[in-house]
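[1] with the sequence up front, the predicted model follows.
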Amino acid sequence: ITFSGALTVTGTLDAQVNGYDVVIDGGGTITDACTFSNTGTLTIGSSGMTFTNGVTATAPSAVSLAGSILSTNSNMSFAATTLSATTIINSNTGGGTITFSSTLNGTSAHDEDLTITAGTGHVLFSGIVGGGTAPGDISIVSATNVTANLAFIAKSVTQDAGAGDTLFTGAVNTTGETGVAGGDIDITTNGNIDFVSTITTTGGANEGAAGFDGGDVILKSDTAGRVDLDGTVTTTGSAAAGNGAGGTGGAVTITADAGNVNVAAITTTGGAGAGSGNGGNAGAVAATITLSTANTITLEGTVTTTGGAGAATGTGGNVTLDANTGLIDTNDQIITMSDGALTCTSDTIDFGTADDKIITTGAIILQPTTVDQSIGIGGGTGAFAVSDDVIEAIQNGSSSITIGRSNGTHVITILGIDFYDPVVIQTPSGGSIA
């Protein structure tokens, strides 16, 4: 059954059970809730379609979508779906949930974009996304909860806003096609953010010359939610060929305004240069890896941000851990930055009890959140404690270790401690050191 012109139904359209195909090519509007029970295919062309009171299309063997698919605060659900062109699915500002009950694919790798607006409804990806052909940019403008149950492969993934939780259970991959940088993963929501598996945003393979950059990973919980990453985050520049320079690794920025930040492992490295080409930098060097919260930061795996090999080695990235009045717990994990800097800001620092876990030739700053916080070094009295274990966790070779804020008015008490690198103990705006 093919509708070539505009289809307008004031009432309902119920496609009965049978093996026929339905094609809607001219757009139009169906005012009542619509169910496609046919077990053939459903195709909605580039003119799109408005299903005022929602649509259920989970019976067709395959669904092809393009254009703008709209409802007015009503649910829309689709079976195994292929995007034939750029597609917008919008259930307005109310409680219309958008569900892909099976797989979601593009037609040409990384070409067909999908924009989803669910208002206060939810977004659910039940099947693998991009397992056949990866779609282009997937953007979620609004939703309450966003859930992806299996692997998720796309050019990039963006969530602009969410009132609830965001959960990716399977591996998420935005690695670039050959000759293309890796795509960004940029998620903002009010609730929890959970990635149960890995995140990969590596630059695409070279085309015989320079490597390509890795994509950035930006995760932000706006209110009281946590950010919990159970798998490794990998964003690396790709290797070069000929005499090309390696690609630059992506930046990783994770923020939870009030909840905890738990990270399994992060690797952001530059790609190898070839011939006379330099290695790629680890990332946006000023802020390659930034973890921040007003609660606790916990590392559950290694953090690596190093430049790629080449005629000149790429620059390592800086790591910033900012727990505000909370705890930084590196959990005896290794942090490797080559020549990058490490800045730790919190009320409490716990680098574990193992030696030589913080590895860099760059600078290290250890500072409390407030300018007048007292500091105890080597067992000295102070709310911000820099213990022997903290210093011994830093491998000999950093360019400097600075304790105290650059605008500090601290009362600093030193009991007894051995430093193996140049050290600056500062309270330049007042206070005392004893």
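    That came in fine, so what should we check first?

[2] contact partners for the closest residue to residue 302 other than its chain neighbours?
    With Cβ to Cβ, 6 or more residues apart in numbering as the criterion, residue 302 has its nearest non-adjacent residue at 4.7 Å, and that residue is residue 334. Every C-beta, even on glycine, is put in place using the N, C-alpha and C of the backbone. Taking Cβ atoms under 8 Å, 6 or more residues apart in numbering, we find residue 334 in contact with 302-304, 357-359.

[3] kindly report the same for residue 337.
    282, 305-306, 316-319, 359-360, 362.

[4] which of those fall within strands?
    319, 359 (DSSP state E).

[5] hang on, the earlier thing: ok, now how distant is the residue nearest to residue 302 from residue 227?
    21 Å (Cβ to Cβ, to the nearest Å).

[6] now residue 158
    From residue 158 to residue 227 the distance is 16 Å (Cβ to Cβ).

[7] look at these two and report which has more neighbours.
    Between residue 158 and residue 227, counted using other Cβ atoms under 10 Å, the more crowded position is residue 227 (25 against 18).

[8] run through the bridge partners of that one.
    residue 193, residue 261 (DSSP bridges).

[9] please name the residues that touch it.
    Counting by Cβ under 8 Å, 6+ apart, residue 227 has contacts 192-193, 219, 221, 254-256, 259-262, 293.

[10] just to revisit the earlier point, ok, so of the contacts of residue 334, who is nearest residue 93?
    residue 303 (40.2 Å; Cβ to Cβ).

[11] what bridges to that closest one?
    Bridge pairing for residue 303 - DSSP bridges - gives residue 266, residue 335.

[12] close enough to count as contact, it and residue 342?
    No. Counting by Cβ atoms under 8 Å, residue 303 sits too far from residue 342 to count as a contact (9.6 Å).

[13] between those two, what contacts are shared?
    319, 335.

[14] which helices and strands does the helix or strand bottoming out on mean pLDDT in the chain pack with?
    Lowest by mean pLDDT, DSSP states H and E among the helices and strands of the chain is strand 14-15, with a mean of 77. If you count contacts as 3 or more Cβ pairs under 8 Å, 6 or more residues apart in numbering; DSSP states H and E, strand 14-15 packs onto strand 34-36.

[15] now the strand it packs on, how far from the centre of its chain.
    For strand 34-36, the separation from the chain centroid amounts to 36 Å (computed by Cα atoms, centre = their mean, to the nearest Å).

[16] also stretch 308-325?
    Using Cα atoms, centre = their mean, the offset of stretch 308-325 from its chain centre is 18 Å.

[17] identify each buried residue in it, please.
    Of the residues in stretch 308-325, those buried by neighbour count under the rule 16 or more other Cβ atoms under 10 Å are 308-310, 313-324.

[18] for stretch 288-306, buried residues please.
    Buried, per 16+ other Cβ under 10 Å, within stretch 288-306: 288-299, 301, 303-306.

[19] now it: mean pLDDT?
    What stretch 288-306 shows for mean pLDDT is 95.

[20] which residue ranges of the stretch 251-400 of the chain form helices?
    Counting by DSSP state H, counting those that start in this stretch, the stretch 251-400 of the chain has helices at residues 388-392.

[21] low pLDDT regions in the chain?
    285-286 (pLDDT under 70).

[22] spatially central residue for it, please.
    residue 217 (3.6 Å; Cα atoms, centre = their mean).

[23] mind listing what's buried in stretch 23-40?
    23-28, 30-31, 33-36, 38, 40.

[24] oh, that last question was meant for stretch 121-131, not what I typed.
    121-130.

[25] what bridges to the residue nearest to the centre of the chain?
    residue 185, residue 252.

[26] what do you get for residue 100?
    Here residue 100, judged by DSSP bridges, has bridge partners residue 78, residue 125.

[27] quick one: contacts for the nearest residue to residue 332 once chain neighbours are set aside?
    Closest residue to residue 332 apart from its sequence neighbours, by Cβ to Cβ, 6+ apart: residue 352 at 3.3 Å. Residues in contact with residue 352 (Cβ under 8 Å, 6+ apart) are 330-333, 389, 393.

[28] and stretch 100-117, end to end?
    Distance between the boundary residues of stretch 100-117 (Cα to Cα, to the nearest Å) amounts to 14 Å.

[29] and stretch 278-294, by the same measure?
    39 Å.

[30] equivalent analysis for stretch 141-159, please.
    Note: stretch 141-159 ends 6 Å apart using Cα to Cα.

[31] what of stretch 405-413?
    Across stretch 405-413, first to last residue, Cα to Cα, it's 15 Å.

[32] show me which positions of that stretch end up buried.
    Applying 16+ other Cβ under 10 Å to stretch 405-413 flags 405, 408-413 as buried.

[33] tell me how far that stretch is from the chain's mean position?
    Per Cα atoms, centre = their mean, the centroid offset for stretch 405-413 relative to its chain is 35 Å.

[34] roughly how far out does stretch 300-316 sit from the chain middle?
    For stretch 300-316, the distance to the chain centre is 20 Å (Cα atoms, centre = their mean).

[35] brain fart, stretch 53-68
    That offset, for stretch 53-68, works out to 29 Å (Cα atoms, centre = their mean).

[36] can we start the residue count at 452 from this point?
    With 452 as the first residue, the last one maps to stretch 504-519.

[37] sec struct for the nearest residue to residue 627 once chain neighbours are set aside, please.
    Spatial nearest neighbour of residue 627, excluding adjacent residues (Cβ to Cβ, 6+ apart): residue 655 at 3.1 Å. Following DSSP: H, G, I helix; E, B strand; the rest coil, residue 655 is assigned to coil.

[38] pretty sure residue 882 sits against residue 863.
    Yes. The criterion here is Cβ under 8 Å, and residue 882 meets it with residue 863 at 6.9 Å.

[39] count of residues packed around residue 597?
    26.

[40] kindly report the same for residue 850.
    13.

[41] which residues does the nearest residue to it once chain neighbours are set aside form beta bridges with?
    What sits nearest to residue 850 in space, not counting adjacent residues and going by Cβ to Cβ, 6+ apart, is residue 814, at 5.2 Å. On the basis of DSSP bridges, residue 814 is bridged to residue 851.
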